[in-house]
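1. 3D, please:
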Amino acid sequence: MTTQKDIAWITDSTASLSDDFIRNNNIYVVPLSIIFGEESYLEGVDITAEDFYPKLAASKVLPKTSQPAIGEFVELYQKLKAEYKHAIAIHASSALTGTYQSSVAASSMVDYKVEVIDSKIGSYPLGRMIEKGIEMQKAGKSYEEIVSLLRTLPDKANLYMAPGSLEQLHKGGRLSTTQVIIGSLIKLKLIVRFEDGKVVLFDKIRTEKKVKERLFQILEEASSNIKEASVIHGNVGSIAEEWREELQQRFPQISFSTTIFSPVPGTHTGQGTIGLAWISE
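-> Below is the predicted model:
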């Protein structure tokens, strides 16, 4: 009889975790799909963010995204049930994808108690939730303590961004027609944010330069409660790195990184998207 391992960690491919981190920490990543016409790609498996954005720019049709089939979760949870005492799953916002709902349904179908958490967000903050949970596990915290802390994080997670494409956000049902028409007519840059799991319009800005100033200002207002933050980008790594360096100088007490938006959210926000994300302390 093999002894059961303690905690299995489950997330989806929008979490943007590194391959090494996933491999070294018993993390099971269920991929979402991107569909270009007749071709379907599993995010992070068949297509990387680096491959995705040039393909998006060259594509005449807007790709669609698709959540994992419930069967994938059922299969995974049957396997994990035999190997692990506990399981914690943290998924991208349930307001934007049905992944969370499928995960919950599959765990009851398999009769395996998985603690399924709706991150109410995605990208860097989602990945950080997993990382924080694993840090607690390594520090010897109990399963109950870990779950209890993780459940507080979705309401402390922030992501503000200027989408590269209003059109894509609109087609994906993330912004209303009026917002898009107004934005396009007067060449406005919109800043959107996550609010209770949904993407909502936060501010309208006239120029690229002002977008940066406004985003830095938002971060500054919250900075007393931030230890780590990331510049999120849709394939504009050099701009993100410039922002990171500037922010690091301006806020030396905060540790900054850059995170490329994975293909699924990138489908909706477009190439050139840039923003800031953090989890408040």
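
2. so what's the closest residue to residue 161 other than its chain neighbours bridging to?
-> Distances taken as Cβ to Cβ, 6 or more residues apart in numbering put residue 275 closest to residue 161, at 2.6 Å, once the chain neighbours are dropped. (Each C-beta comes from the backbone N, C-alpha and C, glycine too.) When assigned by DSSP bridges, residue 275 has beta-bridge partners residue 161, residue 232.

3. tell me the contacts of residue 275?
-> 159, 160, 161, 162, 191, 215, 231, 232, 233 (Cβ atoms under 8 Å, 6 or more residues apart in numbering).

4. Those residues into TSV, with extra columns for distance to residue 128, pLDDT and neighbour count?
-> Output for the contacts of residue 275, formatted as TSV (distance: Cβ to Cβ, whole Å; pLDDT from 0 to 100; neighbours: other Cβ atoms under 10 Å):
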residue	distance to residue 128	pLDDT	neighbour count
159	11	97	23
160	16	97	20
161	16	95	27
162	21	93	23
191	21	91	20
215	19	97	22
231	14	98	27
232	12	97	26
233	17	97	27
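
5. follow-up on the earlier one: let me see the confidence value for the residue nearest to residue 161.
-> On pLDDT, residue 275 comes in at 97.

6. Kindly report the same for residue 152.
-> Reading off the model, residue 152 has pLDDT 98.

7. avg pLDDT for stretch 74-87?
-> Confidence for stretch 74-87, expressed as mean pLDDT, is 96.

8. So what's the gap between it and the chain middle?
-> Distance, stretch centre to chain centre, for stretch 74-87: 24 Å (Cα atoms, centre = their mean, to the nearest Å).

9. With just CA atoms, put it into PDB.
-> The C-alpha coordinates for stretch 74-87 follow below in PDB (Å, rounded to 0.1, in the frame of the first residue of the first chain):
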ATOM      1  CA  VAL A  74     -13.200  13.800 -13.600                       C
ATOM      2  CA  GLU A  75     -10.200  11.800 -15.000                       C
ATOM      3  CA  LEU A  76      -7.700  14.000 -13.100                       C
ATOM      4  CA  TYR A  77      -9.600  13.800  -9.800                       C
ATOM      5  CA  GLN A  78     -10.000  10.000 -10.000                       C
ATOM      6  CA  LYS A  79      -6.200   9.700 -10.300                       C
ATOM      7  CA  LEU A  80      -5.500  12.300  -7.600                       C
ATOM      8  CA  LYS A  81      -8.000  10.700  -5.200                       C
ATOM      9  CA  ALA A  82      -5.800   7.600  -5.000                       C
ATOM     10  CA  GLU A  83      -2.600   9.500  -4.600                       C
ATOM     11  CA  TYR A  84      -3.300  12.500  -2.400                       C
ATOM     12  CA  LYS A  85      -5.100  13.100   1.000                       C
ATOM     13  CA  HIS A  86      -6.100  16.600   0.000                       C
ATOM     14  CA  ALA A  87      -6.500  18.700  -3.100                       C
END
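
10. Go ahead and name everything in contact with that stretch.
-> Stretch 74-87 is contacted from outside by 2, 4-10, 26, 28, 30, 106-107, 109-115, 143, using Cβ under 8 Å, 6+ apart.

11. try 6 Å this time
-> 4-8, 28, 106-107, 109-110, 112, 114, 143 (Cβ atoms under 6 Å, 6 or more residues apart in numbering).

12. which residues in the stretch 101-250 of the chain form strands?
-> Under the criterion DSSP state E, counting those that start in this stretch, the stretch 101-250 of the chain contains strands at 114-118, 157-162, 189-195, 198-205, 228-233.

13. Could you list the residues in contact with the second one?
-> With contacts defined as Cβ under 6 Å, 6+ apart, strand 157-162 is touched by 121, 125, 189, 191, 193-194, 211, 215, 218, 273-279.

14. same thing but 8 Å
-> Strand 157-162 has contacts (Cβ under 8 Å, 6+ apart) with 119-126, 129, 189-194, 202, 205, 211, 215, 218, 222, 232, 269, 273-280.
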